[in-house]
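Undergrad: Got a predicted structure plus its sequence, pasted below:
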Amino acid sequence: MARYIDAKCRLCRREGSKLYLKGVRCDSDKCAVAKRPQAPGQHGTSRKSLSEYGKQLREKQKVKRIYGVLEKQFKNYVNTALNSKGISGEILMQKLESRLDNMIYRSGFAVSRAQARQLVRRGLFLVNGKAITTASAQLRAGDTIKPVSFDKIHVREGFVMPEWLEANTKEKYVKYTKLPRTEDLQEKVDVQSIVEFYSR
């Protein structure tokens with residue numbers, strides 16, 4: 001499976017904002033965006049005003065990088081959203097949010113989505129009682145996520161669980177209760193720009 005293996009901090013600097021790709025480091029003084037706010041590369045010292053196409057491209061790249069998805073897979077998500085009934089932008093974000101690695105990150109079992117993917121590949125989580133090792137597996141409302149063993153999982157401190165997830169402290173699992181809405185997401189992205197980018 002193809003994946004991005006270069007420096008993650010370069011991605012945040014390129015987008016000019018924190019994408020929280022490295023967990024707690026992004027909130028520390030070591031954050032690359034805080035230390036070097038300019039875009040990476042020889043000519044990255046200034047940020048020119050973007051055209052409409054450029055703004056759409058940057059928004060698309062930002063969402064891809066937040067969720068750790070490469071172009072081909074992201075385009076498949078967009079095509080599915082465009083061919084579905086309803087608001088295409090909202091359906092796209094629901095598809096991305098319903099990925100297993102993202103759900104583990106939202107549940108506080110990992111400090112970043114990259115770490116969540118690693119934990120999934122090791123088979124450390126059960127979905128509805130079955131071990132799933134595919135990070136991109138799509139969850140549905142009503143599904144439950146439970147760690148195989150809490151000895152290998154460190155719950156993230158100070159995180160706020162979104163309202164579409166529900167923790168059962170007695171049974172020690174997290175339930176995906178409902179599909180999220182775009183306005184409920186922590187990351188503020190312009191999904192309409194992404195839809196327009198692929199609809200050209």
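TA: The structure has been received and is ready for your questions.
Undergrad: Mind naming the longest helix for the protein?
TA: Taking DSSP state H as the criterion, the chain has its longest helix at helix 52-67.
Undergrad: got the buried residues for it?
TA: By 16 or more other C-beta atoms under 10 Å, the buried positions in helix 52-67 come out as 56, 58-67. C-beta: built from backbone N, CA, C; applies to glycine.
Undergrad: and the angle for whichever helix or strand comes after that helix with helix 52-67?
TA: Counting by DSSP states H and E, the next helix or strand C-terminal to helix 52-67 is helix 71-82. Between helix 71-82 and helix 52-67, the angle comes out at 100 degrees (axes from the mean of the first three to the mean of the last three C-alpha atoms, to 10 degrees).
Undergrad: From the contact counts, what lies against helix 71-82?
TA: Here helix 71-82 touches helix 52-67, helix 88-97, helix 191-198, going by 3 or more C-beta pairs under 8 Å, 6 or more residues apart in numbering; DSSP states H and E.
Undergrad: In TSV, list those along with mean pLDDT and distance to Asp151.
TA: Output for the helices and strands packed on helix 71-82, formatted as TSV (pLDDT from 0 to 100; distance: least, C-beta to C-beta, whole Å):
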stretch	mean pLDDT	distance to Asp151
helix 52-67	87	28
helix 88-97	92	28
helix 191-198	90	39
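Undergrad: can I get those in CSV with distance to Val120?
TA: Formatted as CSV, the helices and strands packed on helix 71-82 follow (distance: least, C-beta to C-beta, whole Å):
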stretch, distance to Val120
helix 52-67, 14
helix 88-97, 16
helix 191-198, 25
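Undergrad: For Thr169, find the nearest of those helices.
TA: helix 88-97 (23.0 Å; C-beta to C-beta).
Undergrad: Please list the residues outside the closest one that contact it.
TA: For helix 88-97, the external contacting residues (C-beta atoms under 8 Å, 6 or more residues apart in numbering) are 63, 67, 69, 77-78, 80-82, 84, 102-103, 106, 138, 164, 179-182, 185, 189, 191-192, 194-195.
Undergrad: Can you tell me which residue is spatially central in the chain?
TA: The residue lying closest to the centre of the chain (C-alpha atoms, centre = their mean) is Tyr67, at 2.8 Å.
Undergrad: Now do the residue lying closest to that residue once chain neighbours are set aside: how many residues are near it, please.
TA: What sits nearest to Tyr67 in space, not counting adjacent residues and going by C-beta to C-beta, 6 or more residues apart in numbering, is Leu96, at 4.8 Å. Neighbours of Leu96 under the rule other C-beta atoms under 10 Å: 24.
Undergrad: can you check Asn79 too?
TA: Residues within reach of Asn79, counting by other C-beta under 10 Å, total 12.
Undergrad: for this structure, which spans come out with low pLDDT?
TA: 1-48 (pLDDT under 70).
Undergrad: can you pull out the strands in it?
TA: Using DSSP state E, the strands of the chain run over 125-127, 130-131, 144-147, 165-168, 173-176.
Undergrad: Given the first one, what are its sheet partners and their directions?
TA: With DSSP bridges as the criterion, the sheet partners recorded for strand 125-127 are strand 130-131 (antiparallel), strand 144-147 (antiparallel).
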